[in-house]
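In: Provided below are the primary sequence and the corresponding predicted coordinates.
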Amino acid sequence: MSYTIFVTAPRLAAAGADLLAAAGARVIYLENADSAEEAERVLATEPVDAIISRTVALSAKAIASCPTLQVISKHGVGVSNIDVEAATARGIPVYVTPGANAQSVAEMTLGLLFAAARRIAWMDGELRAGRWSRAQDGIELRGRTLGLLGFGQVGQRVAVVAQALGMQVAAFDPALQDQPSPVAGVQLVGSLDALLPLSQVLSLHVPLNRHTRGLIDAERLARLPRGAILVNTARGEVVDEAALVDALKSGQLHAVGLDTTVQEPLPADSPLLALPNAVITPHVGGSTPAALAAMASGAVRNVLGWLRGEPSDPSACVNPAVLAAHAAA
């Protein structure tokens, strides 16, 4: 049986595209990767069986407009752009590809940490502008404490490298309450409030949801040790950006490394761009060829498995109630 698969991006890595071709699937690509309107139009006019979701919003309206839709898989793990509640109401499972980009995101986290600690990006810019500006206020990381908010596959990889550098590592993850640490030597603490005062470096590895939106606000930034470093490779909306700018200007934060911001692309008038102690990249932590291939193939396997009656690992489904309902039917 041939399926119609809608990829909400102009392309898909060959590792995934080849699987779709081998399955004889008809594939529709979103021409404008930022156009929610185009996505809605495709879903309202095409007999789409499955969606492989990149970054564009999949609203309740879009999901409701496609009566043939059976399954959605995120190309990655963050589902804040998908109306999961609307999918659940329709009995549509929403899958993710856990771990597919974990190594690449962990490496980006470490890259931003080093760049922020030593003002690498700022010195590079100074040299290119013809100025021999030798920043000598860099932070040596050995002996400092890294706090990890979220301790899944990315956080665990970061912890191993941080320990090899001689850092102490503490982590808070509600999913690991009353459990031993999955990484030897990492101190698991019982709350964010307990983590913040320990964190001379705080690295964020949490999904965006109603509990985490604006979580790192002015009050919580003030609980960090003065001169701390913040790294965010999770979602921009987890951090109150106005409070972040104030903390960078006041010296409460030594520096920040951001791979994600509240508005993407970052507006040209963003105050973050005027700060020499902010290192910013355009949300590419999981966008290495290796990670893109793994996410593409994982997402394709998720949707084809469901359509063929061979569902993926239930732990990769973010609305497992749908799986239970289908099993009981």
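Out: Right, received. Where do you want to start? Keep in mind it's a predicted model, so treat the numbers as computed, not measured. Numbering: from 1, shown residues only.
In: Ile28 reaches Phe6, doesn't it?
Out: Yes - Ile28 sits in contact with Phe6 when judged by C-beta atoms under 8 Å, with a separation of 4.8 Å. (Glycine included, C-beta is placed from N, CA and C.)
In: Now do the shared contacts for those two.
Out: Val42, Glu46, Val48 (C-beta atoms under 8 Å, 6 or more residues apart in numbering).
In: Quick one: residues contacting the nearest residue to Gln168 once chain neighbours are set aside.
Out: Nearest non-adjacent residue to Gln168, counting by C-beta to C-beta, 6 or more residues apart in numbering: Thr145, 4.4 Å away. Residues near Thr145 by C-beta under 8 Å, 6+ apart: Met167, Gln168, Val169, Ala170, Leu198, Ser199, Gln200, Val201.
In: sorry, back to before: and the shared contacts of Ile28 and Phe6, which are buried?
Out: Among the shared contacts of Ile28 and Phe6, those classed as buried by 16 or more other C-beta atoms under 10 Å are Val42, Val48.
In: From the shared contacts of Ile28 and Phe6, which land in helices?
Out: Applying DSSP state H to the shared contacts of Ile28 and Phe6, the entries found in helices are Val42.
In: Distance to Pro311 for the shared contacts of Ile28 and Phe6 - can I get that in JSON lines?
Out: Output for the shared contacts of Ile28 and Phe6, formatted as JSON lines (distance: C-beta to C-beta, whole Å):
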{"residue": "Val42", "distance to Pro311": "25"}
{"residue": "Glu46", "distance to Pro311": "24"}
{"residue": "Val48", "distance to Pro311": "19"}
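In: for the contacts of Thr145, which one is nearest Val96?
Out: Val169 (25.6 Å; C-beta to C-beta).
In: What is the burial count for that closest one?
Out: 28 (other C-beta atoms under 10 Å).
In: and it, that's in a helix?
Out: No - using DSSP: H, G, I helix; E, B strand; the rest coil, the assignment for Val169 is strand, not a helix.
In: Quickly note the distance from it to Leu149.
Out: Distance, Val169 to Leu149, by C-beta to C-beta, to the nearest Å: 12 Å.
In: okay, and the common contacts of the two?
Out: Counting by C-beta under 8 Å, 6+ apart, nothing touches both Val169 and Leu149.
In: Strands along the chain, start to end?
Out: 4-7, 26-29, 50-53, 71-74, 94-95, 145-149, 168-172, 187-188, 201-204, 228-232, 253-258, 278-280 (DSSP state E).
In: so which of these gets nearest Phe114?
Out: Once these are compared by C-beta to C-beta, strand 253-258 is nearest, at 8.6 Å.
In: which helices and strands does the closest one pack with?
Out: Other helices and strands packing on strand 253-258, by 3 or more C-beta pairs under 8 Å, 6 or more residues apart in numbering; DSSP states H and E, are helix 102-118, strand 228-232, helix 241-250, strand 278-280.
In: Show me what the biggest helix by length in the chain is packed against.
Out: The longest helix of the chain (DSSP H) is helix 289-307. Packing contacts for helix 289-307, counted by 3+ C-beta pairs under 8 Å, 6+ apart, involve helix 14-22, strand 50-53, strand 71-74, strand 94-95, helix 102-118.
In: Can I get it in CSV, CA atoms only?
Out: The C-alpha trace of helix 289-307 is given here as CSV (Å, rounded to 0.1, in the frame of the first residue of the first chain):
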residue,chain,number,x,y,z
PRO,A,289,24.8,15.6,9.1
ALA,A,290,25.0,12.7,11.5
ALA,A,291,22.2,13.9,13.7
LEU,A,292,20.0,14.9,10.8
ALA,A,293,20.4,11.4,9.3
ALA,A,294,19.5,9.7,12.5
MET,A,295,16.5,11.9,13.2
ALA,A,296,15.3,11.5,9.6
SER,A,297,15.6,7.7,9.6
GLY,A,298,14.1,7.5,13.1
ALA,A,299,11.1,9.7,12.2
VAL,A,300,10.4,7.7,9.0
ARG,A,301,10.6,4.4,10.9
ASN,A,302,8.1,5.8,13.4
VAL,A,303,5.5,6.7,10.9
LEU,A,304,5.9,3.7,8.6
GLY,A,305,5.9,1.4,11.6
TRP,A,306,2.5,2.8,12.8
LEU,A,307,1.0,2.8,9.3
